[in-house]
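Colleague: here's a sequence, model it:
(2 chains)
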There are 2 protein chains.
Amino acid sequence: MVSSLRLPALTSLISPSFTRRSTVSLRRRLHLRPPLAAGFSAQSAASSPTVTEDRVDSKKSGRVQDRGSTDRVITPRSQDFNAWYLDVIANAELADYGPVRGTMVIRPYGYAMWEAIQDYLNVKFKETGHSNMYFPQFIPYSFIEKEASHVEGFSPELALVTIGGGKELEEKLVVRPTSETIVNHMFTQWIHSYRDLPLMINQWANVTRWEMRTKPFVRTLEFLWQEGHTAHATLEEAEKEALQMIDVYTKFAYEQAAIPVIAGRKSKVETFAGAAPYIGYMVIASLQAGTSHNLGQNFSRAFGTQFTDENGLRQHVWQTSWAISTRFVGGIIMTHGDDAGLMLPPRIAPIQVVIVPIWKKVDEKTGVLDAASSVAETLKNAGLKVKLDDTDQRTPGWKFNFWEMKGVPLRIEIGPRDVSSGSVVISRRDIPGKQGKVFGISMEPSILEAYVKDRLDEIQSSLLQRAISFRDSNIVDVSSYEELKEAISLGKWARGPWSASDADELRIKEETGATIRCFPFEQPQGTKACLMTGKPADEVAIFAKSY
Amino acid sequence: MVSSLRLPALTSLISPSFTRRSTVSLRRRLHLRPPLAAGFSAQSAASSPTVTEDRVDSKKSGRVQDRGSTDRVITPRSQDFNAWYLDVIANAELADYGPVRGTMVIRPYGYAMWEAIQDYLNVKFKETGHSNMYFPQFIPYSFIEKEASHVEGFSPELALVTIGGGKELEEKLVVRPTSETIVNHMFTQWIHSYRDLPLMINQWANVTRWEMRTKPFVRTLEFLWQEGHTAHATLEEAEKEALQMIDVYTKFAYEQAAIPVIAGRKSKVETFAGAAPYIGYMVIASLQAGTSHNLGQNFSRAFGTQFTDENGLRQHVWQTSWAISTRFVGGIIMTHGDDAGLMLPPRIAPIQVVIVPIWKKVDEKTGVLDAASSVAETLKNAGLKVKLDDTDQRTPGWKFNFWEMKGVPLRIEIGPRDVSSGSVVISRRDIPGKQGKVFGISMEPSILEAYVKDRLDEIQSSLLQRAISFRDSNIVDVSSYEELKEAISLGKWARGPWSASDADELRIKEETGATIRCFPFEQPQGTKACLMTGKPADEVAIFAKSY
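Modeller: Now for the predicted structure:
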């Protein structure tokens, strides 16, 4: 059942083209390094002409290069979504390839996005009564075999330690792909009575899954995540917990990452439901980006995790597990990025405001830099994440493009005339060109601070609204199987009433490649007729191709 | 040279008895579980009489039990340091044994101590110009072989992945014991010119070393740490960085953990110096608790990590690495704990103030609980970490002992008479009995907040002063080899002038078991004569048995 905590299924909401092209693109296999994606930084690009020239020579011109002031090229998103994604990751220095096939090095700028995710969620987890702790990553192989669907789900993708301290081990050790088994082994020692419940914990950890088709952030051999594990006295409590955590994830996605995820219930077919009660919840956007599961008593029965209830009877605990991983960083890149590169929601951005001082004559430099430093100080004191790019190795135009590519929400330009007038020029990343540029904003700290904060709030909302529009335009309401097939063939999502059988669901998968992504929690009012059978249906489901 | 980042050597500063007894104690081997150390919580102790009775029946009475109000027993520290250490860890629920020999589950209370360490250091690392990132934990075996002393130091304790995704791997993968090799592999791709330097990064990660003799926190098969890695253009810069980071660690130890570490240089013998320049720094208390190393060009030569300098010449970078691990949690336990259990410095304590409401009659309960909640609220709003223990399953006496055992710095008692007088009773963990108890502190928020904060500051200072006294009383100044031998045989540390040869140092090790722990940065003034040769010596060294 811990397929529960697997994070598979790239679906095509954000980029239909991605799904279609991904199978043919060589870049998609992480072990085939795109020749241009070797990590290079702004600095190293300057100092290693070979690498830089390689990129330029071997690529067709993209928008960024056309602007003439940078030596980077990003494949247009509409031209090749997959190439665009990898170019953004390489150019914005988010991640690089590790030496072992399928592994990823998360570079500082990408890691800072993960830290923003961690900082927010860690507080919410504690507010909702969970404590952090840490379980060992080595799990005896026999543990994995205890829960039937666990073996089935994970066996093909395990990394096994067979040698330790120079000796062959008696029992192979599994490098954790998820921790339900070891968690239950420990819970069984800690839980005795109903007074020990609920037991609610979380860990931030690395996990390993021997994936064959990898892609930075989206699917890597090793990734970072948090995994929450709770044990309860009743099914109802576990259900409430699973819903609470999907709610935490959903709020995070909307309010912090500006990603309009759809929260809903998985279908039985997709959750591999066995004999035991098992209900899964998922959040979907471009990716299955977070999961929260009511595990029922599957693991407590397999591991004998019991408690004595108030009547003195021994009962198996009811459990949940829920997870969000570094895959979410991939979701942010895909949701908001454009042909110029990354575009970051202010609440996730490692740098919220970049300041670019502009001078031509040497005697202008001091005045401009002083003003820029002072503005930087003002905004830092206001709690904002500010970068002053005062290097003189690059032109202002180059810097504009570079920080746009890195997705910084706001840019402040300060030149000699601005210094004279005591004002600055502010450009928005989300509105290109002159339209997003405002002149003459006063440098006076209280005015500037208020202006910048307002703009950041606007950008945050605007990114969310844009993503909602995109999402909604990609969902087609269907009332028949024919309509469903057409929508799927266009790379859209099909939403329609569903009360048919598991067999029908499997038939759709075979015939169209699409599966039920979820039964959304938010459901339309009124009676509905199942798109497949015409019989009454309580709910609509969303169908899409899973990656 | 990455023996650099190993964290070995328990030395005997804090507890001479520990070193002597540890070899005979069965408990010390993590895989032999002490029958009483199975994880049990306050709650589970209540609900699982079997476990509880086991403990009580099979142990001699300790102080805590003698007080009659708790069912826990902690071996007196003076009687058996090692048993005391394990008892504290089990009873305070800091950690438990993992299913794989030598692994440890860090429980919420112990993990919260690690989080306090992380929170402080993470800010300091960023203030000093480092960025967090993440490197994969799987390292090709061939990498480990590239640096000669690296192979030598780590080969015997590697965990190797040989099967992935169901197949035998072509090249074995090392589960990282430390990351210098993979870091250099990546640095080589990122560093091109002097403009790319310095490159200063850090990662928070798990590491694996196949240790045979393990002990919770002090030495486990897998542990958590941060490892900083930097690359510089010159030796001087690297040296400055290594010193800066040892300074960060030292300040942390003194100001946060109240541990009077001794910072100093390692001897050549202890650092396995090879041909390349190599200078190590260490921090010592009861443990080698943190290391910061100038790695010279050892790894940059092995991995070809070069940059083009300002004159266009190719040069190898100069590097540092520095680490602190969950071992530090063990250092905190050992430094401050006493026969009643854990004693935590307020700046590390997961709970700084525990509030115990006291009532006998039912009609007193509401008033007492209301007052207790209000006091809790006041202190939480003041930014303090507060726990209100309002369960009615335990007596106040039991709670007093329990929270003392958990090391909470301050306890506030509120009974019916206190409610009437609008005041509380406050007890200090570091001053036992009536001496540490003050009556009649006003509940008025501003008065109470100021009083509590002052006491916490006092406790923080007092713990440090006490630890300094203990440390200093354990160091014996020696001026001859005879004196050194006597000091060592008494389990003390010997400090004396040293300018003798490596051979002499090795002879001392053979004859006494003691090695040079460090040449302290703080050195006495004046000319000195080497304790071994009588020749002039520039420095004093500290000798002690390493564990």
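
Colleague: which SS state does the nearest residue to residue A:295 once chain neighbours are set aside fall under?
Modeller: Nearest residue to residue A:295, sequence neighbours excluded (C-beta to C-beta, 6 or more residues apart in numbering or on different chains): residue A:319, at 4.3 Å. The C-beta positions use only the backbone N, C-alpha and C, and glycine is treated the same way. Following DSSP: H, G, I helix; E, B strand; the rest coil, the label given to residue A:319 is strand.

Colleague: ok, what's across the strand from residue A:319?
Modeller: Judged by DSSP bridges, the bridge partners of residue A:319 are residue A:231, residue A:296.

Colleague: what of the one 5 residues further on?
Modeller: With DSSP bridges applied, the residues forming beta bridges to residue A:324 are residue A:226, residue A:290.

Colleague: that one touches residue A:249, doesn't it?
Modeller: Yes: counting by C-beta atoms under 8 Å, residue A:324 does reach residue A:249; the two are 6.1 Å apart.

Colleague: which outside residues touch stretch A:497-511?
Modeller: Outside stretch A:497-511, the residues within contact range by C-beta atoms under 8 Å, 6 or more residues apart in numbering or on different chains are A:267-269, A:479, A:481, A:484-485, A:514-516, A:519, A:528-533, A:535-541, A:543.

Colleague: now for residue A:324 and residue A:249: what residues contact both?
Modeller: A:289-290.

Colleague: give me the below-cutoff pLDDT ranges for chain A.
Modeller: For chain A, the stretches flagged by pLDDT under 70 are A:1-72, A:150, A:270-280, A:282, A:284-286, A:547.

Colleague: check it for its longest helix and report it.
Modeller: Using DSSP state H to define each element, chain A has its longest helix at helix A:445-473.

Colleague: tell me the buried residues in the very next helix or strand once past it?
Modeller: Heading C-terminal from helix A:445-473, the first helix or strand you meet, by DSSP states H and E, is strand A:475-477. In terms of neighbour count (16 or more other C-beta atoms under 10 Å in any protein chain shown), strand A:475-477 has its buried residues at A:475-476.

Colleague: for burial, what's the neighbour tally of the residue of the stretch 251-400 of chain A found nearest chain B?
Modeller: The minimum distance from the stretch 251-400 of chain A to chain B, using C-beta to the nearest C-beta, falls at residue A:308 (6.7 Å). Residues near residue A:308, counting by other C-beta atoms under 10 Å in any protein chain shown, number 17.

Colleague: quick check: bridge partners of it?
Modeller: Here residue A:308, judged by DSSP bridges, has bridge partners residue A:193, residue A:314.

Colleague: my read: it touches residue A:193, true?
Modeller: Yes: if you go by C-beta under 8 Å, residue A:308 and residue A:193 touch, sitting 4.9 Å apart.

Colleague: ok, residue A:399 to residue A:376 distance?
Modeller: Counting by C-beta to C-beta, to the nearest Å, the separation of residue A:399 from residue A:376 is 14 Å.

Colleague: whoops, residue A:269 was the one
Modeller: 55 Å.

Colleague: give me the more crowded residue out of these two.
Modeller: residue A:376 (21 against 17).

Colleague: and the helix or strand harbouring that one, what does it pack onto?
Modeller: In this assignment (DSSP H and E), residue A:376 forms part of helix A:362-381. In terms of contacts (3 or more C-beta pairs under 8 Å, 6 or more residues apart in numbering or on different chains; DSSP states H and E), helix A:362-381 is packed against strand A:353-357, strand A:386-388, strand A:410-414, helix A:416-421, helix A:445-473.

Colleague: who wins for proximity to residue B:142 among those?
Modeller: Residue B:142 lies closest to strand A:386-388 among the helices and strands packed on helix A:362-381, at 38.7 Å (C-beta to C-beta).
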